[in-house]
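In: Got a predicted structure plus its sequence, pasted below:
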Amino acid sequence: MANIIYKRTKNFEPDFENLLEVLNGQTPKRPVLFEFALNNRIIGQLSGEQAEDNSTRLAPFRRLIKSFEHAGYDHATISAWRTNTLRFPKGEIAEKESHSLNAGNMIYDRQSFEQYAWPDANQGDYDIYYDLRHELPGGMKLIASGNGGVLENVIDLVGFENISMMSMLDEELTTEIFNAVGSRLLTFYKIIAPIETIGACIVNDDWGFKNQTMFSPNMLRRWVFPWHKKIVSAIHKAGKKAILHSCGQLKDVMDDVIDDQNYDAKHSFEDQITPIETAYKNWGSRIAILGGIDMDFLARHTPKEILQRSKLMIAKGIENGGYALGSGNSIPDYIPDENYLAMISAVNLF
Amino acid sequence: MDKLLEQLAHVVEVGKIDKNTPYPPELKDKDGASELTLQAIAQKIDPQKILNNGLMPGMKRIGEKFSRGEAFIPNMLIAAKAMNTAMVHLRPFFLAGSIKPKGTLVLGTVKGDLHDIGKNLVKMIMKGDGWNVVDLGTDVSSEKFVQALDENPQCIIGLSALLTTTMLSMEDVIKAVKYRNPATQVFIGGAPLSQEFANKIGADGFFADPHSLAVHFN
């Protein structure tokens, strides 16, 4: 057991109601943090358990939950890649610090579509989400995300350039592929959303590049957005909140996200596209805005600069409501620990 | 002649590859880039004119639309497919030397980074603008860029990166290239990049979208 490098405050107690206030567009009674994912090093530093303990099924989750608690979150995010639930089998993908959106394709045509081993979304260890109730501190809830979203999984299965061409040359097959992925993700969220340990769901589906959406808004409206609308509706039906995590330039489809899909919150922002301050100003009165301290900013600025920017964002959130502090995307291992800690410690100034 | 070349430009712009392809629906069963290029060759139109006044304007228009946010990557991909299909018919004229490229662009995604969509878009646009493109692929080391420079001494070089971490290695590539030949121009592009970063690492320019690079040289 190593030293725990940080705790929000001595008497901090997680209370998901605070995050719910943010997701409702309100100002909570104290500043709230939000994060999609933490790297293994910082999880170790925050939990005091450097190495992941895999001796039992629940042990790695216990460590993860402890790290979120010590950092001062009211939630712990459980991504589906950590649980043995819905996953679309992919081909071999070469990994460096990134991977190609054209790699690992399994579906090229109707024959490969029909031969693909489509997973059964009803199968899998969903009990894990129930069993974690004993591991959650009082007041804390889980936020569950999927193993990629509708567009992400289709791109992984078909390849970005292939699905781009297919969308124009074989619309029928394109529709069937999107439906095959979307229907399974819908089932996944229908199963997890009602679980009592889960306070909200993240639907994680990257739609944009730096300058625009990957597909035209009309193509997204035809093949991707209807599934998001159904997924959000299922999450809401279970009485839970729906958070969209989607990277890239989405300005042309934000009205769809807010007014048609009915998401409660948007996560993932980039300074080179729409800085969090602008995003909050543009959309903050219509949808909760989460995170947004840019990854490059977090990686390359000083703790003092990070603290200052974080403090200013919290102040805006207190004034207008509907904001929780966090990174623009996640905390990968290239973010220096001291920079991450500078960001989250900003909540202690209020 | 002008009417045929204008038709050719149009089918490239809208991505009508050949008669059999169903896209775009409004040109169903009409001639595409393949048939129209063959017709132009049969009419003894100068191959350089077919390229300059037919194919390239089509790619230029779709590139401009992309820059303005009026076209999307799938539109670019299918336009490039139409152009490449036409280029197959022009290849013998390239080999015979009757068509000359504007120059050579050596292109690659820097070491550690496997993203390729941005790079591929630049390749399409520049090829469509009449450049010879040497695509080194992804995860390309400084040594490979320098080797490509040795093989193409008059080239310009384009570097792509999508990550905060991998973009830092662009500076190493630029140093290695400039050490070999200070006159070689190196341009950068990718999501986390900016003109400020380009200035800092000694790049000759940053372009926010692929069409801007082609415009820069025109």
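Out: All right, it came through fine.

In: Am I right that A:L142 is in a strand?
Out: Yes: with DSSP: H, G, I helix; E, B strand; the rest coil as the criterion, A:L142 is assigned to a strand.

In: Could you give the bridge partners of it?
Out: A:A76, A:I198 (DSSP bridges).

In: List the residues that contact A:G72.
Out: Contacts for A:G72 were tallied using Cβ atoms under 8 Å, 6 or more residues apart in numbering or on different chains; they are A:7-9, A:12, A:33, A:344, A:347. (Glycine included, C-beta is placed from N, CA and C.)

In: Most proximal residue of chain A with respect to chain B?
Out: At 3.8 Å from chain B, A:S164 is the closest residue in chain A, using Cβ to the nearest Cβ.

In: tell me the contacts of that residue?
Out: Shown in contact with A:S164 (Cβ under 8 Å, 6+ apart): A:215, B:73-74, B:77-78.

In: Please repeat the previous calculation with a cut-off of 10 Å.
Out: A:155, A:158, A:174, A:214-215, A:219, B:72-78, B:117 (Cβ atoms under 10 Å, 6 or more residues apart in numbering or on different chains).

In: These in helices, which ones?
Out: Of the contacts of A:S164, the ones assigned to helices by DSSP state H are A:155, A:158, A:174, A:219, B:73-78, B:117.

In: Throw the residues you listed into TSV and include distance to B:R91 and pLDDT, thanks.
Out: Listed next are the ones in helices among the contacts of A:S164 as TSV, based on distance: Cβ to Cβ, whole Å; pLDDT from 0 to 100:
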residue	distance to B:R91	pLDDT
A:I155	32	94
A:V158	30	95
A:T174	32	98
A:M219	33	97
B:I73	26	89
B:P74	26	93
B:N75	25	94
B:M76	22	90
B:L77	21	90
B:I78	21	93
B:I117	26	81
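
In: Leaving out chain neighbours, which residue sits closest to the residue in chain B that chain A sits nearest to?
Out: Residue of chain B nearest chain A, by Cβ to the nearest Cβ: B:P74 (3.8 Å). Excluding the flanking residues, the one nearest B:P74 by Cβ to Cβ, 6 or more residues apart in numbering or on different chains is A:S164, at 3.8 Å.

In: same question, B:D150
Out: Spatial nearest neighbour of B:D150, excluding adjacent residues (Cβ to Cβ, 6+ apart): B:R180 at 7.4 Å.

In: List the residues that contact the one you found.
Out: Contacts of B:R180 by Cβ under 10 Å, 6+ apart are B:145-147, B:149-150, B:153.

In: same thing but at 8 Å, please
Out: Applying Cβ under 8 Å, 6+ apart to B:R180 gives the contacts B:146, B:149-150.

In: mind putting the residues you listed in CSV, neighbour count included?
Out: Output for those, formatted as CSV (neighbours: other Cβ atoms under 10 Å in any protein chain shown):
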residue, neighbour count
B:V146, 18
B:L149, 21
B:D150, 10
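
In: picking that back up, could you measure from the residue nearest to B:P74 over to B:I117?
Out: 10 Å (Cβ to Cβ, to the nearest Å).

In: What residues does the stretch 251-350 of chain A have near chain B?
Out: A:252, A:270, A:272-273, A:295-296, A:299-300, A:334 (Cβ under 8 Å from any Cβ of the partner chain).

In: Any of the residues you listed buried? List them.
Out: For those, a burial check counting by 16 or more other Cβ atoms under 10 Å in any protein chain shown picks out A:270, A:272-273, A:295-296, A:299-300.

In: which among those gets closest to A:F61?
Out: A:M295 (25.4 Å; Cβ to Cβ).
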